[in-house]
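*Asks:* Predicted model follows, preceded by the sequence.
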Amino acid sequence: GIDLNSFYPDAPSEISKKKIILGVSSFWNESKGLQIFNELVNLLDLDKYEIMLVGNIKEKVNKKIKIIDKTDSVDELRKIYSSATYFVNPTFNDTFPTVNIEALACGTPVITFKTGGSPEIITKETGIVVEEKTSQALRDMIVSEPKFDFQNCVDRAKKFDKKSKFAKYKQILL
């Protein structure tokens, strides 16, 4: 689970006047979807959308993508999540990505590939699971501009509160 005292809707910072497509990973590589973002940025109208990636990136990144180095500040990360229009997680290899839950806790809907535990986190009220794992399929979902109520996202994240999850684990073990 995640700490809901750290991740919650915050006053969005003025990062961009455009619709922000956000990706967050402690490190970026092809399995986390870096290549998908590199392609996606060329498929979107950059007068309307901005792709922003947070995390450690050592591989080549399209210069049209805004990079925010990995941050150790939960406050900064919460503001970034809260400023995004959509959190996009084009992962090819993940078990149960907590970044999806962090985004939801901040009121940001998630668009993700059907990989590992990603689909289990999302509901039709909180995001979209994309079957076809391509940048074009992501682009099509983004430009359709699906609408989600931020409160549904926050409520969904509450199901993954670390305090309640820890209590359940403890109950099972004892």
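*Replies:* Cool, got the structure.
*Asks:* pLDDT below threshold where in the chain?
*Replies:* For the chain, the stretches with pLDDT under 70 are 13-15, 165-170, 174.
*Asks:* Geometric centre of it: which residue is closest?
*Replies:* Central residue of the chain (CA atoms, centre = their mean): residue 87, 3.2 Å from the mean position.
*Asks:* and stretch 60-74, how far from the chain's centre?
*Replies:* Here the centre of stretch 60-74 is set off from its chain's centre by 14 Å, with CA atoms, centre = their mean, to the nearest Å.
*Asks:* Next, the buried residues of that stretch.
*Replies:* Buried residues in stretch 60-74, counted by 16 or more other CB atoms under 10 Å: 61, 65, 66, 68. Placement of C-beta: from N, CA and C, glycine included.
*Asks:* what's the closest non-adjacent residue to the second one?
*Replies:* Yep, that's residue 65 we're talking about. Of all residues not flanking residue 65 in the chain, residue 51 sits nearest, at 4.8 Å (CB to CB, 6 or more residues apart in numbering).
*Asks:* can you tell me how far the one you found sits from residue 66?
*Replies:* As judged by CB to CB, to the nearest Å, residue 51 and residue 66 stand 7 Å apart.
*Asks:* what does residue 1 give?
*Replies:* 30 Å.
*Asks:* repeat for residue 79
*Replies:* Per CB to CB, residue 79 is found 15 Å from residue 66.
*Asks:* With only the CA atoms kept, save whichever helix or strand residue 41 is part of in PDB.
*Replies:* Residue 41 is part of helix 34-43, with elements assigned from DSSP states H and E. Provided in PDB are the C-alpha atoms of helix 34-43 (Å, rounded to 0.1, in the frame of the first residue of the first chain):
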ATOM      1  CA  LEU A  34      10.600   4.900 -22.100                       C
ATOM      2  CA  GLN A  35      10.600   4.100 -25.800                       C
ATOM      3  CA  ILE A  36       6.800   4.400 -25.800                       C
ATOM      4  CA  PHE A  37       7.100   8.000 -24.400                       C
ATOM      5  CA  ASN A  38       9.800   8.800 -27.000                       C
ATOM      6  CA  GLU A  39       7.400   7.800 -29.700                       C
ATOM      7  CA  LEU A  40       4.200   9.200 -28.100                       C
ATOM      8  CA  VAL A  41       5.700  12.700 -27.900                       C
ATOM      9  CA  ASN A  42       5.900  12.700 -31.800                       C
ATOM     10  CA  LEU A  43       2.200  11.700 -32.100                       C
END
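*Asks:* Sweet, I'm off.
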